[in-house]
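S.K.: Sequence and predicted structure, then a few things I'm wondering about:
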Amino acid sequence: MAYFGHIKGKHLGIVFYFCTSFLHSQVPDVIVPVPKTMIVENATVPGGTNNITRTSLADFDKDRVLRQNQNIMQEVEQHAKLQEKMMREMKADIAQNTSAINYLLPFRSKMPESKYYIEAFDKIVLADTAFSIKDNNFLVENAFFEDQLDKEEFDAIIKRSGEFLIAKMKESGYDPNSNLSKNFMLFQFFSETLQLKNSKEKHLPFRYDFEDYMGIKNYSKMFVTKLIETGAGQCNSMPMLYLILAEEIGAEAYLAYSPNHSYIRFLDDKGKWYNIELTNGMFSTSSYILQSGYIKSEALQNKIYMENLSKKEILSKHLTDLAGGYIHKFGYDEFVQKVIDKALELYPNSISAHMIKANLETRRFEYVMRQLGINPRDGQDLQNIRHYPKAIVLLDEVNSQYNFIDNLGYEHMPEEAYQKWLQAMKDEKQKQDNEIISKQLKGILKPTLKN
């Protein structure tokens with residue numbers, strides 16, 4: 001059994017085992033040799049004659065041996081009683097200590113600012129599968145900003161963007177009923193400068209924001225509201241805005257994952273699938289996605305990568321995003337457990353939700369270890385966990401969770417490897433693939449263009 005560290009790092013590999021045999025040591029049997037009978041020859045007996053007399057000491061030696069054995073047995077008995085007393089005292093100390101241990105993380109959800117997350121969670125769960133991606137996404141981001149975002153303004157921006165897309169489709173002669181036409185228009189909206197004729201209204205392409213793209217320093221860097229405000233986003237905000245706008249104009253599109261990344265997939269009118277990589281504004285091939293080197297065959301078999309997310313799985317993503325914002329602001333607690341449990345109920349193989357769960361269970365175990373005064377990274381010190389059955393259960397849960405993630409086929413992709421992969425999206429081969437796919441789609445669109 002091994003205790004593992006946080007999911008972002010490598011396994012710590014601290015071996016954990018139980019040593020209980022010393023509690024049941026025994027005192028060995030003591031064997032005292034009995035001496036032979038002593039014979040005294042030609043001894044002079046006081047007041048007697050010089051006759052040869054034989055005197056036996058057997059009775060004397062038997063008494064001495066008996067006394068020695070009795071003393072030893074008394075020592076053994078006293079030792080046993082002392083050991084029993086020590087065990088009772090130790091168990092009493094452990095019981096008293098255990099009763100004072102909190103096996104749940106402190107509830108930060110009692111803080112006033114956390115109420116927005118609790119309210120958002122209730123609304124998202126209540127929506128079930130009949131929900132709006134736009135509304136749920138707003139709930140997630142508004143909870144982080146403590147209800148300071150303007151919902152009417154956000155809705156108005158999405159509405160105007162949808163109207164612009166429909167108007168541009170009409171101006172370009174695209175079939176408004178074609179899913180390919182709608183998605184190609186969306187692709188152009190993200191990757192090109194668009195302007196309506198006889199109008200000053202212009203839309204510039206979105207840019208990829210390489211600075212703090214994981215939101216470590218500023219979590220709102222991953223938000224759709226930040227993308228709309230600045231025109232720059234990353235692989236979370238761009239695909240999410242795409243889905244919101246697709247929902248607005250009635251296009252069918254799907255979110256899919258690759259290591260540390262998400263992208264868009266859609267189906268044309270003849271049943272062919274296309275991948276849109278919004279971080280560089282290009283169409284990409286499935287072979288390119290596999291070139292990252294961090295997609296195992298097990299991951300594909302368990303459908304954690306390169307699969308369309310269903311409606312329920314998108315709802316699970318909203319909950320995972322909600323948990324991520326909560327953790328960034330308040331840290332891990334049992335409210336996070338509640339959110340992630342629901343997320344995994346909706347999407348059992350969600351790698352994002354499982355990673356949060358692994359971190360949560362690790363933090364809980366370490367919290368209990370601090371209370372017990374045990375260093376979980378010290379193999380010898382960790383042996384003391386044997387006195388605390390509940391702590392052993394927590395350790396088993398941590399190890400089981402990491403094993404589950406490993407079995408899903410997850411492999412950690414270092415930040416430098418991800419950045420290198422992002423930069424490679426702009427190489428000549430990707431540009432050529434994008435041009436080929438774009439020409440093919442324009443060729444397919446021509447018959448649908450209205451004269």
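M.R.: Received it, and whenever you're ready, just let me know what you need. Everything quoted here is computed from the prediction, not taken from an experiment.

S.K.: and after the helix or strand hosting Y274, which helix or strand comes next?
M.R.: Secondary structure from DSSP states H and E places Y274 in strand 273-277. Using DSSP H and E, the helix or strand that follows strand 273-277 in sequence is strand 282-284.

S.K.: pLDDT weak spots in this protein?
M.R.: Within the chain, the segments meeting pLDDT under 70 span 1-62, 80-81, 83-99, 109, 129, 425-426, 428, 446-451.

S.K.: mind checking which helix or strand the most centrally placed residue in it is in?
M.R.: The residue lying closest to the centre of the chain (Cα atoms, centre = their mean) is M355, at 1.5 Å. Using DSSP H and E, M355 sits in helix 351-372.

S.K.: Quick check: buried residues in that helix?
M.R.: Residues of helix 351-372 classed as buried by neighbour count (16 or more other Cβ atoms under 10 Å): 351-369, 372. In this view, the C-beta of every residue, glycine as well, is placed from N, C-alpha and C.

S.K.: Kindly export that helix (C-alpha atoms) in CSV.
M.R.: The C-alpha coordinates for helix 351-372 follow below in CSV (Å, rounded to 0.1, in the frame of the first residue of the first chain):
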residue,chain,number,x,y,z
ILE,A,351,-11.1,13.1,-15.2
SER,A,352,-11.4,16.6,-13.9
ALA,A,353,-13.8,15.6,-11.2
HIS,A,354,-11.7,12.6,-10.2
MET,A,355,-8.6,14.8,-9.9
ILE,A,356,-10.4,17.2,-7.6
LYS,A,357,-11.6,14.2,-5.6
ALA,A,358,-8.1,12.9,-5.3
ASN,A,359,-6.8,16.2,-4.1
LEU,A,360,-9.7,16.5,-1.7
GLU,A,361,-9.2,13.1,-0.1
THR,A,362,-5.4,13.7,0.2
ARG,A,363,-6.1,17.0,1.9
ARG,A,364,-8.5,15.4,4.3
PHE,A,365,-6.0,12.6,5.2
GLU,A,366,-3.2,15.1,5.8
TYR,A,367,-5.5,17.2,7.9
VAL,A,368,-6.2,14.2,10.2
MET,A,369,-2.5,13.3,10.2
ARG,A,370,-1.6,16.8,11.5
GLN,A,371,-4.1,16.4,14.3
LEU,A,372,-2.6,13.0,15.3
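
S.K.: helices and strands around that helix, which ones?
M.R.: If contacts are counted by 3 or more Cβ pairs under 8 Å, 6 or more residues apart in numbering; DSSP states H and E, helix 351-372 sits against helix 311-330, helix 334-346, helix 389-408.

S.K.: mind listing the helices for the stretch 101-250 of the chain?
M.R.: Secondary structure of the stretch 101-250 of the chain (DSSP state H, counting those that start in this stretch): helices at 115-127, 133-144, 151-172, 179-191, 224-230, 237-249.

S.K.: Looks to me like I264 is in a strand.
M.R.: Yes: in this structure, I264 lies within a strand as judged by DSSP: H, G, I helix; E, B strand; the rest coil.

S.K.: Would you mind confirming that the residue nearest to the centre of the chain makes contact with L408?
M.R.: No: the criterion here is Cβ atoms under 8 Å, and M355 misses it with L408 at 10.2 Å.

S.K.: still on that earlier bit, relative to N102, how far out is the residue nearest to the centre of the chain?
M.R.: 25 Å (Cβ to Cβ, to the nearest Å).

S.K.: before we move on, what about W273?
M.R.: 50 Å.

S.K.: Show me which of these two is the more surrounded one.
M.R.: Ranked by neighbour count (other Cβ atoms under 10 Å), W273 and N102 place W273 first, with 12 against 9.

S.K.: any idea how far the more buried one is from M185?
M.R.: Taking Cβ to Cβ, one finds W273 at 18 Å from M185.
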